[in-house]
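Undergrad: Starting from these lines, generate the structure:
(one chain, ligands or ions: 2)
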Amino acid sequence: MIRVAVSGACGRMGSRIVKRITKENDMEVVAAIEAPNTPFKGKDVGEVIGIGSIGVKVTPADELEDILKTSKPDVVVDFTIADAAVNTVEKASKLGINLVVGTTGFSTEQLEKIGKDVKEGNVKAIIAPNMAVGVNVFFKVLEELAKFLPDYNVEIMEAHHKHKKDAPSGTALKALEIISAATGRDPDEVSVYGRKGLIGERSDDEIGVHAIRAGDIVGDHIVLFAGEGERLEVIHRAHSREAFVSGVIRALRFIEKAEPGRISDMKDVLGIR
Ligand SMILES: NC(=O)c1ccc[n+]([C@@H]2O[C@H](COP(=O)([O-])OP(=O)(O)OC[C@H]3O[C@@H](n4cnc5c(N)ncnc54)[C@H](O)[C@@H]3O)[C@@H](O)[C@H]2O)c1
Ligand SMILES: O=C(O)C1=N[C@H](C(=O)O)CCC1
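TA: Numbers count the residues shown, from 1 in each chain. Ligands and ions are numbered 1, 2, ... in the order given. The predicted structure follows:
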């Protein structure tokens, strides 16, 4: 039985992850962590998220270390916000607890600290900005297309719900990273985030990245490769957050096989080379 602690347990993703785990026969929720000021402290997380009591109470994040020591999870799943996830990784790594992290919006420095903590703790960690199987195939398609179309102009567009706090999406940034690497470009040099004013002609090297926030859009990503007289558009549309949750469940079943001390991603989980 895989013992799972969920951080962000009452959020859009965390609540769906808790709900799904309760339906699986090889895993169980042993801790539900929420924001330090959560109004749900001490309440049964199942009742909070509307599935009925599951016998696990909501714990505020300032008690994270204690609840990890007492609940003894095999894995901590984090779908929170960047600052919180950095703390989750630090505390879990020090306690030798494996990690599945879906949170996005990390700074470069935060990603470096996460990598350092995972290495020092020699824990197994699966960290991915998008856990949907289709998106990770989409990433592979982008890598191959970029190699065949190095001279085409690339624009990356993403659309998410109005509640999303970070922009552009972690998925869009990963697409930028993949295409840049496949075409020998430095993403920090070529990325252009939106455009406004008398900006002059577009350089061929630049990669546009554009974020739309509206309504209840679950998650759309469109990447276009535009050349002379034609363009290719690769599109992924998430219809439901269940696409991400299914990826989390796959990651939870994979993690025992992951390499300790390094950050694995969904390519490792899905066997995509
Ligand atoms: N990797 C993926 O497949 C994937 C899919 C969806 C969302 N995400 C990312 O997951 C994150 C959460 O998305 P969401 O839509 O669930 O957001 P959300 O705001 O609905 O949920 C976040 C939850 O974290 C809680 N929280 C805040 N600070 C905390 C702390 N210090 N400790 C514990 N919990 C804390 C909040 O109270 C909230 O309940 C975002 O970064 C988003 O980009 C990733
Ligand atoms: O709902 C969100 O927030 C999502 N964020 C991920 C990202 O930032 O790439 C993708 C899935 C949805």
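
Undergrad: hang on, isn't Glu158 packed against Asp220?
TA: Yes. Judged on Cβ atoms under 8 Å, Glu158 makes contact with Asp220 at a distance of 6.6 Å. No exception for glycine: its C-beta is placed from N, CA and C like everyone else's.

Undergrad: and the two? which has more neighbours close in?
TA: Glu158 (25 against 16; other Cβ atoms under 10 Å).

Undergrad: looking at this, that one is in a strand?
TA: Yes. Assessed with DSSP: H, G, I helix; E, B strand; the rest coil, Glu158 lies in a strand.

Undergrad: quick one: is the top helix by length along the chain near ligand 1?
TA: Using DSSP state H, we find that the single longest helix of the chain is helix 133-148. No. Counting by Cβ under 6 Å from any ligand atom, ligand 1 is not contacted by helix 133-148; separation bottoms out at 7.6 Å.

Undergrad: which helices and strands sit right next to the helix or strand containing Val76?
TA: Secondary structure assignment for Val76, by DSSP states H and E: strand 75-78. Judged by 3 or more Cβ pairs under 8 Å, 6 or more residues apart in numbering; DSSP states H and E, strand 75-78 is in contact with strand 2-7, helix 82-94, strand 98-101, helix 242-254.

Undergrad: Could you check how far the first one is from the centre of its chain?
TA: Distance of strand 2-7 from the chain centroid (Cα atoms, centre = their mean, to the nearest Å) equals 16 Å.

Undergrad: who does that strand pair up with?
TA: Take DSSP bridges as the rule and strand 2-7 pairs in its sheet with strand 27-34 (parallel), strand 75-78 (parallel).

Undergrad: Tell me which helix or strand comes right after it.
TA: Past strand 2-7, the next helix or strand by DSSP H and E is helix 12-21.

Undergrad: residue boundaries of the strands in the stretch 151-273 of the chain?
TA: Remark: strands assigned in the stretch 151-273 of the chain by DSSP state E, counting those that start in this stretch are 153-160, 191-193, 207-213, 219-227, 230-238, 263-264.

Undergrad: As CSV, those strands with mean pLDDT and distance to Phe138 would be great.
TA: Below are these laid out as CSV (pLDDT from 0 to 100; distance: least, Cβ to Cβ, whole Å):
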stretch, mean pLDDT, distance to Phe138
strand 153-160, 98, 11
strand 191-193, 98, 19
strand 207-213, 98, 16
strand 219-227, 98, 7
strand 230-238, 98, 4
strand 263-264, 98, 19
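
Undergrad: Save the ones you listed as a markdown table, and put in distance to ligand 2 too.
TA: A markdown table is the format used below for those (distance: least, Cβ to the nearest ligand atom, whole Å):
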| stretch | distance to ligand 2 |
| --- | --- |
| strand 153-160 | 5 |
| strand 191-193 | 15 |
| strand 207-213 | 10 |
| strand 219-227 | 4 |
| strand 230-238 | 7 |
| strand 263-264 | 16 |
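
Undergrad: what packs against the longest helix of the chain?
TA: Using 3+ Cβ pairs under 8 Å, 6+ apart: helix 133-148 touches helix 170-182, strand 219-227, strand 230-238, helix 242-254, helix 266-270.

Undergrad: which residues are contacting it?
TA: With Cβ atoms under 8 Å, 6 or more residues apart in numbering as the test, helix 133-148 has contacts from 128, 130, 154, 171, 174-175, 178-179, 181-183, 221, 223, 225, 232, 234, 236, 238, 243, 246-247, 250, 265-267, 270, 272.

Undergrad: Would you check which of the residues you listed are in contact with ligand 1?
TA: Filtering those for neighbours of ligand 1 using Cβ under 6 Å from any ligand atom leaves 128, 130.

Undergrad: got any residues that touch both of Glu158 and Asp220?
TA: Common contact partners of Glu158 and Asp220 (Cβ under 8 Å, 6+ apart): Ile212.

Undergrad: Since that was my last question, I'll sign off now.
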